[in-house]
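*Asks:* Pasting the sequence and the predicted model now:
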Amino acid sequence: MIVISGAQVWRRSGLAEATVVIDGQRVVDVGDVTAPAGARVIEAAGAVLGPGLVDLHVHFRDPGQTWKEDISTGSLAAVAGGFTAVVAMPNSDPPTDNVKTATDILRRGAEVGLVDIQVAGALTRGREGLEMAEFDSMYEAGVRLFTDDGDSVADSGLLRRIMVYLSDLPGAVVAEHAEDVMLTRGGHVNDGMMAASLGLGGMPAVAEVTVVGRDLALAAETAARLHLQHLSCSGSVDLIRRAKESGVAVTCEVTPHHLALDESAVGGLDPNFKMYPPLRTAADRQALIAALEDGTVDAVATDHAPHSALEKDVPFEEAPKGVIGLETSASVTWQALRGDAGPFFERMSVAPARIAGLERHGQPVEPGSMANLVLFDPERSWVPRVFRSKSSNSPFLGTRLTGRVMATIHDGAVVYEAAPDG
């Protein structure tokens, strides 16, 4: 039995100080209660306790690129960041476009046992954009999110057929990486003054906006559930806001790094600031924060994309795109939301769990709820220098952050505790 004492607890009624009692895999009491004899007591004065975080978008590089990350190290990084469930993207090697690969990942995630690992299935065979993947068998195995992440489905006719097909499977979601690659070829940073000053090829925001517009139109026609991944610019959220108002079944996500940084951060040509999509303008960043606050943006997802030091330790234009984010996400997002616990847990736990169909997660802390929880100290200052991930390609490496995950509880077990001086 575990007792968490003195925390501000996020419940259906809001945030209030309470004692939380956990027995087995569930919360059994919340309120002004006395710790039962023999229980382990975690003193949590000044911290916030809420549902464990859920990440809709991680790359664990397993199978195929395990020198960057694997299911074990990815799980360690996840729990250090307060996550109790994650969704692994299908651009592995081989791609997750069939039930065998999907179930292998699910099995190995369960064997590690630190965090619930769900998998996203590919939309097309081999992620080649030519024909539909094996939806039925993956769906029967529990897969609900389907995406060719890293690529959009360029063939609009094929995407329309996919949407029609998946609209008949309850809870199935078509998730799209929105990018017209004909507009981004040879690009490394946001197209504009920064790209020009650095002498680098640009990736214009319109490459994202045009695909977002197409996908919204197809979703409106087919009644498919559409989820748009790692949005980066104001034009995209404007389109989504209007689509939601007209009744389109669309959700979307942004990354912590797009909430915290803009294109000025790439001026030093540090490859740890080379990401996908690229950092946009300061105005785009503010538009993303406003959309997150008003609910146009449903979820924060890390797009945790590990790359080895050797891959990143090259000139900026030669470096791969992508950054890690699991271990810093809570701190960065808490600051972006100005310490408002309601939107924080809604965008980082409740909504992503709902989108992915993860019923055991994203529940306010109430008697009977699953004990998948995160304890977060909003005042604790720390500097990320060493990561549990195999990779350290973080834009926040060596940066002082405020707000720290103190403990993560998965299925009633404490699977992570921050070091007292960490």
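*Replies:* Cool, the structure landed.

*Asks:* Identify the residue nearest the geometric centre of this structure.
*Replies:* Compute the mean C-alpha point of the chain, and by Cα atoms, centre = their mean the closest residue is residue 301, 2.1 Å away.

*Asks:* Enumerate every residue touching that residue.
*Replies:* 55-57, 229-230, 253-255, 352 (Cβ atoms under 8 Å, 6 or more residues apart in numbering). For glycine as for every other residue, the C-beta is placed from the backbone atoms N, C-alpha and C.

*Asks:* again, 10 Å this time
*Replies:* 54-58, 86-87, 227, 229-230, 252-256, 325, 329, 347-348, 352, 355 (Cβ atoms under 10 Å, 6 or more residues apart in numbering).

*Asks:* cool, residue 355 as well?
*Replies:* Taking Cβ under 10 Å, 6+ apart, we find residue 355 in contact with 54, 56, 87, 144-145, 171, 173, 175, 225, 227, 251-253, 298-299, 301, 362.

*Asks:* one more time with 8 Å, if that's ok
*Replies:* When contacts are counted by Cβ under 8 Å, 6+ apart, residue 355 touches 56, 145, 173, 227, 251, 298-299.

*Asks:* again with residue 214
*Replies:* So residue 214 contacts residue 156 (Cβ under 8 Å, 6+ apart).

*Asks:* List the buried residues of the helix or strand hosting it.
*Replies:* Assessed by DSSP states H and E, residue 214 sits inside helix 206-222. Residues of helix 206-222 classed as buried: 207-216, 218-220, 222 (neighbour count, 16 or more other Cβ atoms under 10 Å).

*Asks:* Include distance to residue 415 when you put these into a markdown table, please.
*Replies:* Below are the buried residues of helix 206-222 laid out as a markdown table (distance: Cβ to Cβ, whole Å):
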| residue | distance to residue 415 |
| --- | --- |
| 207 | 40 |
| 208 | 36 |
| 209 | 40 |
| 210 | 42 |
| 211 | 38 |
| 212 | 37 |
| 213 | 42 |
| 214 | 41 |
| 215 | 37 |
| 216 | 39 |
| 218 | 40 |
| 219 | 37 |
| 220 | 42 |
| 222 | 40 |
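
*Asks:* Most widely separated two among those?
*Replies:* 207 and 222 (23.4 Å; Cβ to Cβ).

*Asks:* right, and residue 285 touches residue 264 too?
*Replies:* No - if you go by Cβ atoms under 8 Å, residue 285 and residue 264 don't touch, sitting 9.9 Å apart.

*Asks:* neighbour count winner among the two?
*Replies:* residue 285 (24 against 14; other Cβ atoms under 10 Å).

*Asks:* Within the helices and strands, which one has the more buried one?
*Replies:* For residue 285, the element it lies in under DSSP H and E is helix 282-294.

*Asks:* do the same with residue 379
*Replies:* Using DSSP H and E, residue 379 sits in strand 373-382.

*Asks:* Domain boundaries for the protein, per the record?
*Replies:* For the chain, automatic domain parsing gives the domain ranges 2-48+368-417, 52-356.

*Asks:* Return the most buried member of these.
*Replies:* Most buried of the domains of the chain by mean neighbour count (mean count of other Cβ atoms under 10 Å) is domain 52-356; its value is a mean of 21.

*Asks:* Quick one: end-to-end distance for that domain.
*Replies:* 14 Å (Cα to Cα, to the nearest Å).

*Asks:* starting at the chain centroid, how far to it?
*Replies:* Domain 52-356 sits 7 Å away from the centroid of its parent chain (Cα atoms, centre = their mean, to the nearest Å).

*Asks:* now the helices: where do they sit in the protein?
*Replies:* 71-80, 99-112, 135-140, 156-166, 181-184, 193-198, 206-222, 234-245, 256-260, 282-294, 309-312, 329-336, 341-345, 351-356 (DSSP state H).

*Asks:* how about a markdown table for these, with distance to residue 91 and mean pLDDT added?
*Replies:* Shown next, in a markdown table, are the helices of the chain (distance: least, Cβ to Cβ, whole Å; pLDDT from 0 to 100):
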| stretch | distance to residue 91 | mean pLDDT |
| --- | --- | --- |
| helix 71-80 | 14 | 98 |
| helix 99-112 | 12 | 98 |
| helix 135-140 | 15 | 98 |
| helix 156-166 | 17 | 98 |
| helix 181-184 | 15 | 98 |
| helix 193-198 | 26 | 96 |
| helix 206-222 | 17 | 98 |
| helix 234-245 | 21 | 98 |
| helix 256-260 | 19 | 98 |
| helix 282-294 | 24 | 98 |
| helix 309-312 | 16 | 96 |
| helix 329-336 | 20 | 98 |
| helix 341-345 | 29 | 97 |
| helix 351-356 | 17 | 98 |
